[in-house]
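Participant: fold the following and give me the result.
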Amino acid sequence: VMILCIVWQASDVFWHLGLNRRSQTGQIYQGVGWANVLTLVRGVGTAFLLGRYTGGLTTPTTLLLVVFLLGVVTDILDGQIARRTQTESKLGRMLDAETDFCQYLVIALLLLQNGLILPWVMIVFLMRFCLPLLAALGSYFLLAQPVRIGSTQWGKWTGVVQGCYLLVLMLPRNLQGISS
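Facilitator: A predicted model of the protein is given here:
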């Protein structure tokens, strides 16, 4: 499953290379750039976790925490690198959003599997990503309007809240102030 996910991710990049262009001039970049590479690394970590989940393997919470924290670091750095190197693109925004969705979903699924998250919380996590996706699909297919891909303040804050919630769930119990 991990290989399938990585192949899908690479194919997704290839299919959307036309989006890898300068916003100001429309000039296509010669490579995908370091910012997108960081996003793809986050995707590989997520594919690894998804492979464990679909393979029926129990994933230790410490492994989830490591992949999550690496994901947070790459998520913060990819945007900063793209802005500093002036390599922002629609491809990068699309990859970042897809990877965030997959990472949060897979980590939440594994926490559900480990009994650390309630099913209704899982539904709330899904709604954070599915409602904007449904709105974008409706705009594109029903109203024939282009879909604007990018982050919003609301999306950033819900991501911070969800990330903090997941972090608390994955912290070792002695750091949560709970004694055995």
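Participant: any idea how far stretch 127-137 is from the chain center?
Facilitator: What separates the centre of stretch 127-137 from the centre of its chain is 14 Å, taken as Cα atoms, centre = their mean, to the nearest Å.
Participant: going forward, count from 139.
Facilitator: Shifting the count to begin at 139 puts that one at stretch 265-275.
Participant: report the buried residues of that stretch.
Facilitator: Residues of stretch 265-275 classed as buried: 266-267, 270, 274 (neighbour count, 16 or more other Cβ atoms under 10 Å). In this view, the C-beta of every residue, glycine as well, is placed from N, C-alpha and C.
Participant: in TSV: the residues you listed, plus distance to Thr163, pLDDT and secondary structure.
Facilitator: Below are those laid out as TSV (distance: Cβ to Cβ, whole Å; pLDDT from 0 to 100; DSSP: H, G, I helix; E, B strand; the rest coil):
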residue	distance to Thr163	pLDDT	secondary structure
Arg266	34	80	helix
Phe267	32	77	helix
Pro270	29	77	helix
Ala274	26	75	helix
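Participant: from these, which is closest to Leu305?
Facilitator: Arg266 (16.1 Å; Cβ to Cβ).
Participant: re earlier: quick check, nearest of the buried residues of stretch 265-275 to Gln241?
Facilitator: The closest of these, once distances to Gln241 are taken by Cβ to Cβ, is Phe267, at 10.7 Å.
Participant: just say helix, strand or coil for the closest residue in space to the closest one that isn't next to it in sequence.
Facilitator: Nearest in space to Phe267, with sequence neighbours left out and distances taken as Cβ to Cβ, 6 or more residues apart in numbering, is Phe239 at 4.5 Å. At Phe239 the chain is in helix, as set by DSSP: H, G, I helix; E, B strand; the rest coil.
Participant: shouldn't Phe239 be in contact with Leu269?
Facilitator: No: between Phe239 and Leu269 there is no contact under Cβ atoms under 8 Å: 11.9 Å.
Participant: how about Ile166, phi and psi?
Facilitator: Backbone geometry at Ile166, expressed as degrees, to the nearest 10, gives phi -80, psi 130.
Participant: bridged to it, which residues?
Facilitator: Arg159 (DSSP bridges).
Participant: would you mind measuring from it to Gln224?
Facilitator: 14 Å (Cβ to Cβ, to the nearest Å).
Participant: between those two, which is the more surrounded one?
Facilitator: More crowded of Ile166 and Gln224, by other Cβ atoms under 10 Å: Ile166, with 13 against 9.
Participant: sweet, I'm off.
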